[in-house]
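Q: Quick one, what's the 3D model for this:
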Amino acid sequence: MFPVHVSYTPDTTIDQALSSCKMNNLKDNLHKIRARISSACKKAGRDPQEIYVLAVSKRHPARTIQALSQLGQSSFGENYVQEALAKIKLLEPLNLEWHFIGPLQSNKTRQVAQHFQWVQSVDRLKTLRRLSDQRPDDLERLNVCIQVNIDREPQKGGVMPEQARKLAEAALNLPRTRLRGLMAIPRAGSDLHDPADSYQRMNVLFRSLRADGIEMDTLSMGMSADLEAAIMHGSTMVRIGTDLLGERPRNDKN
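A: Now for the predicted structure:
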């Protein structure tokens, strides 16, 4: 589904700092992403409303996130806890949905459990238990995705495909987490590897777990370069960075 517009009166000090040219670029980028999704869904025989767009906003300033939210984007993904917390505090009136999508250290789980709505990079039982234990009782359950290392790359996080079931079952049985699905960052495309093969294997795994009674509704895979292949193979959430927000600044100042 496309994110719903959030009504908000912007902070003028932030809003005025963003040029009309930048605003127009964001609007154009969002339109192009939606057009690509619609085209991919038409080829796949799917409804574009099935596809959730997550804007990857790491290293982008809060004023850019605010501007994109004014265009209808309400969900944002962050990789770095301290950077994200500053943005979450500054943009709290917008009531945005925040996804943590980076590697999660044990000493950061409390902050993530307290301030995010989603964690997509869960790959250890210890981390999962800490997130559940540290989720405040006055908040809804924390949505989690199990990150799967579908191509078994040693430099990447994620459980091996055969281990996903055990971690998914654990997420179902913890009191303060809600299992939403699986996430993957497949091997980059090359002459020797077609990412579509990785996406197909993720889709098979996702469907297999659901067929066995593990309730999930989210398959998070696909980025700017290959969202079409991901949608063709069952993705329900695409994570878009540069093609939506533009090039990442070297020095992010909120």
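Q: what's the distance between the biggest helix by length in the chain and the middle of its chain?
A: If you go by DSSP state H, the chain has its longest helix at helix 20-44. Chain-centre distance of helix 20-44: 17 Å, with Cα atoms, centre = their mean, to the nearest Å.
Q: shaky segments in the stretch 51-200 of the chain?
A: Where the stretch 51-200 of the chain drops to pLDDT under 70, the residues are 189-192.
Q: Now do the strands in it.
A: Using DSSP state E, counting those that start in this stretch, the strands of the stretch 51-200 of the chain run over 52-56, 75-78, 97-100, 118-122, 142-148, 177-184.
Q: would a markdown table of those strands with mean neighbour count and distance to Met202 be doable?
A: Heads up, the C-betas are built off the backbone N, CA and C, glycines and all. Below are these laid out as a markdown table (neighbours: other Cβ atoms under 10 Å; distance: least, Cβ to Cβ, whole Å):
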| stretch | mean neighbour count | distance to Met202 |
| --- | --- | --- |
| strand 52-56 | 22 | 16 |
| strand 75-78 | 24 | 18 |
| strand 97-100 | 23 | 18 |
| strand 118-122 | 25 | 13 |
| strand 142-148 | 26 | 7 |
| strand 177-184 | 24 | 5 |
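Q: Out of those, which gets nearest to Leu245?
A: Proximity to Leu245 (Cβ to Cβ) singles out strand 52-56 among the strands of the stretch 51-200 of the chain, at 6.3 Å.
Q: The closest one - contacts with which helices or strands?
A: Applying 3 or more Cβ pairs under 8 Å, 6 or more residues apart in numbering; DSSP states H and E, we find strand 52-56 packed against helix 20-44, strand 75-78, strand 237-240, helix 242-245.
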